[in-house]
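Colleague: Got a sequence here, can you build the structure:
(one chain, ligands or ions: 1)
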Amino acid sequence: MRIDHLIDGRAVSSSDYFETVNPATQELLAEVARGGEAEVNAAVAAAKAAFPAWAARPATERAALMRKLGELITKHVPELAQTETKDTGQVISQTGRQLVPRAADNFHYFAEMCTRVDGHTYPTPTHLNYTLFHPVGVCALISPWNVPFMTATWKTAPCLAFGNTAVLKMSELSPLTAARLGELALEAGIPAGVLNVVHGYGAETGEPLVSHPDVRAISFTGSTATGNRIVKSAGLKKFSMELGGKSPFVIFADADLDRALDAAVFMIFSNNGERCTAGSRILVQKSIYADFAARFAERAKRITVGDPLAEQTLVGPMISPGHLAKVRSYIELGPKEGATLLCGGIDRPSYAAQLPAGMDKGNFVWPTVFADVDNRMRIAQDEIFGPVACLIPFEDEADAVRIANDIAYGLSSYVWTENIGKAHRVAASIEAGMCFVNSQNVRDLRQPFGGTKASGTGREGGTWSYEVFLEPKNVAVSM
Ligand code: NAD
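Modeller: Numbering: from 1, shown residues only. Below is the predicted model of the structure:
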């Protein structure tokens, strides 16, 4: 199969193609057009040309097209989920029941929202001030590989609904479902040029896109290192930067431990551990630490690893051999840093026997749990982005907050306690864009999603998406 760019409503080839492979089997899935400056320029030009007419359409018309696209995604959930699972290794129970359906919700939600964009008035004795919200223009939407279809729609839906046009660039490791998104957008009746999709590598396709002078806003999801690079090369533009994380999952002795255990297991091992909001540093109060660690490791050992297309699989393969090597390097590092390996590890041959036929070359790693982790260890400070849990003991509330905040990142956080005052105090003290109390990560599309510190700037979701996709203008009328 060949995948081309989608520029101005047409499939556009490149002189060169790269391969995307199934990470469970290494089987070739498709050859994908490898874009460069020429393709990026053409896509931005198409988006720029399409912008005035699209922005001028009544919001109700844009909303109707967004809903149609949402319906088409719903109709194609099985196909899209299968493609996403094959391209990324994300397990089918997640892609089929959560991630692809959520993608349809994104279009329905922002269809509704774009008809409700209103302004503010600030009357004074001499002037009537009021605000108008205008679409920004051409937006660059850049997505990582971990949950690519959901992320692409999370960006595309508000971007287009609010009247902008877009050039979408997916990760070179997971381009397939976004290519289908472009096709479905056309099928829904969204005019040519409003959504363009270019494929390729960060340096060759991403760089010319973010530095293009006609691109007015960048919604980027990816690593902190790339986010820093983009901010430097893009120049003055609107930014939403959704970057990496190493989120604390804090469990006090007075927590509902059964529920906390379920949520802790879910927040580090679901999505193969390749989740920006993973609760990868599990802080446990000392009085319950030993018992919790034993129960947690017991649960981790029972997780089914293997074919991501099988319903019962909870952890599929890592996205690429390169990423597998990175995750394995941290698993090797843990014991050298003084952590205790409770389960998992890099002993591949003994585990590999459990893999289904044809998957012996897959990028598999086993759920790994480290106990006795000191927060200053690299396994605790670096984003591993795989199924590797670090269990860190703490003394009391002050100690928990100190450890939680002793990190470069500030994306999500989780607090477990039955003491309501303590829950609120800790939630307020943790340096993170989001805090879930007695809960795993549960998304409401209205909530501000994003992080602080090295986890990014800007928020998306609900009216927070105005920040990147709408330009407020104040009009002051003399009375
Ligand atoms: P990455 O930064 O390597 O790549 C992300 C995207 O940026 C890809 O499409 C890539 O091709 C592109 N890119 C790379 N260099 C570029 C450049 N110089 N200019 C423009 N584009 C460039 O990230 P990844 O490895 O694909 O994804 C994993 C990271 O994403 C993790 O750090 C994870 O935490 C983060 N992430 C964050 C969120 C969030 O919402 N905060 C969500 C998902 C993933």
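
Colleague: And the residue nearest to A64 when sequence neighbours are not counted, how close does it get to the ligand?
Modeller: Leaving aside its sequence neighbours, A64 sits nearest to A111 (CB to CB, 6 or more residues apart in numbering; 7.5 Å). Bear in mind the C-beta positions are built from the backbone N, C-alpha and C, glycine included. With the distance defined as CB to the nearest ligand atom, to the nearest Å, A111 ends up 22 Å from the ligand.

Colleague: Wasn't A111 part of a helix?
Modeller: Yes - assignment of A111 by DSSP: H, G, I helix; E, B strand; the rest coil places it within a helix.

Colleague: Contact partners for it?
Modeller: R62, A63, A64, M66, R67, G70, A157, A161 (CB atoms under 8 Å, 6 or more residues apart in numbering).

Colleague: Which members of those are positioned in helices?
Modeller: R62, A63, A64, M66, R67, G70, A157, A161 (DSSP state H).

Colleague: From those, pick the one nearest G206.
Modeller: A157 (21.3 Å; CB to CB).

Colleague: number of nearby residues for L355?
Modeller: L355: 18 surrounding residues under other CB atoms under 10 Å.

Colleague: Restrict the helix of greatest length in the chain to CA atoms and write it as PDB.
Modeller: For the chain, the longest helix by residue count, based on DSSP H, is helix 37-56. As requested, the backbone C-alpha atoms of helix 37-56 are provided in PDB (Å, rounded to 0.1, in the frame of the first residue of the first chain):
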ATOM      1  CA  GLU A  37       9.900  21.800   1.900                       C
ATOM      2  CA  ALA A  38       8.100  21.700  -1.500                       C
ATOM      3  CA  GLU A  39       5.200  19.600  -0.200                       C
ATOM      4  CA  VAL A  40       5.000  21.700   3.000                       C
ATOM      5  CA  ASN A  41       4.900  24.900   0.900                       C
ATOM      6  CA  ALA A  42       2.200  23.500  -1.300                       C
ATOM      7  CA  ALA A  43       0.100  22.400   1.700                       C
ATOM      8  CA  VAL A  44       0.400  25.800   3.500                       C
ATOM      9  CA  ALA A  45      -0.500  27.600   0.200                       C
ATOM     10  CA  ALA A  46      -3.600  25.400  -0.100                       C
ATOM     11  CA  ALA A  47      -4.600  26.100   3.500                       C
ATOM     12  CA  LYS A  48      -4.000  29.800   3.000                       C
ATOM     13  CA  ALA A  49      -6.100  29.900  -0.100                       C
ATOM     14  CA  ALA A  50      -8.900  28.000   1.500                       C
ATOM     15  CA  PHE A  51      -9.000  30.100   4.700                       C
ATOM     16  CA  PRO A  52     -11.100  33.200   3.700                       C
ATOM     17  CA  ALA A  53     -14.100  31.200   2.400                       C
ATOM     18  CA  TRP A  54     -13.900  28.700   5.200                       C
ATOM     19  CA  ALA A  55     -13.600  31.400   7.900                       C
ATOM     20  CA  ALA A  56     -16.600  33.200   6.300                       C
END
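
Colleague: Go through the contacts of A111 and name the one nearest M434.
Modeller: Of the contacts of A111, the one sitting nearest to M434 (CB to CB) turns out to be A157, at 20.0 Å.

Colleague: Of the contacts of A111, just say which sits nearest to the ligand.
Modeller: Each of those was checked against the ligand using CB to the nearest ligand atom; the closest is A157, at 15.1 Å.

Colleague: Now that that closest one has come up, it's in contact with N106, right?
Modeller: Yes - A157 lies in contact with N106 (CB atoms under 8 Å); the separation is 4.2 Å.

Colleague: coming back round to it: as JSON lines, the ones in helices among the contacts of A111 with distance to L173 and neighbour count would be great.
Modeller: Output for these, formatted as JSON lines (distance: CB to CB, whole Å; neighbours: other CB atoms under 10 Å):
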{"residue": "R62", "distance to L173": "31", "neighbour count": "23"}
{"residue": "A63", "distance to L173": "33", "neighbour count": "21"}
{"residue": "A64", "distance to L173": "34", "neighbour count": "16"}
{"residue": "M66", "distance to L173": "28", "neighbour count": "28"}
{"residue": "R67", "distance to L173": "31", "neighbour count": "18"}
{"residue": "G70", "distance to L173": "26", "neighbour count": "23"}
{"residue": "A157", "distance to L173": "23", "neighbour count": "27"}
{"residue": "A161", "distance to L173": "28", "neighbour count": "27"}
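
Colleague: Strands of the stretch 251-400 of the chain, residue ranges please.
Modeller: Under the criterion DSSP state E, counting those that start in this stretch, strands of the stretch 251-400 of the chain are mapped to 281-285, 340-345, 366-371, 388-394.

Colleague: Please convert these to a markdown table, extending it with mean neighbour count and mean pLDDT.
Modeller: What follows is the strands of the stretch 251-400 of the chain, written out as a markdown table (neighbours: other CB atoms under 10 Å; pLDDT from 0 to 100):
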| stretch | mean neighbour count | mean pLDDT |
| --- | --- | --- |
| strand 281-285 | 27 | 98 |
| strand 340-345 | 19 | 96 |
| strand 366-371 | 26 | 97 |
| strand 388-394 | 25 | 98 |
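
Colleague: possible to save the ones you listed as TSV with distance to the ligand?
Modeller: Output for those, formatted as TSV (distance: least, CB to the nearest ligand atom, whole Å):
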stretch	distance to the ligand
strand 281-285	14
strand 340-345	21
strand 366-371	18
strand 388-394	14
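
Colleague: if we can go back for a sec, which residues do A157 and N106 both contact?
Modeller: Counting by CB under 8 Å, 6+ apart, nothing touches both A157 and N106.

Colleague: Quickly check the ones in helices among the contacts of A111 for the two that are furthest apart.
Modeller: A64 and A157 (13.8 Å).

Colleague: For this protein, give me the ranges with low pLDDT.
Modeller: By pLDDT under 70, the chain has no low-scoring segment.

Colleague: what does it put close to the ligand?
Modeller: 142-146, 169-172, 201-203, 206-207, 210, 221-223, 226, 229-230, 242-245, 276, 383, 385, 411, 451, 456 (CB under 6 Å from any ligand atom).

Colleague: quick one, what contacts the residue of the stretch 1-150 of the chain found nearest the ligand?
Modeller: At 3.0 Å from the ligand, P144 is the closest residue in the stretch 1-150 of the chain, using CB to the nearest ligand atom. Counting by CB under 8 Å, 6+ apart, P144 makes contact with T151, S171, T221, G222, S223.
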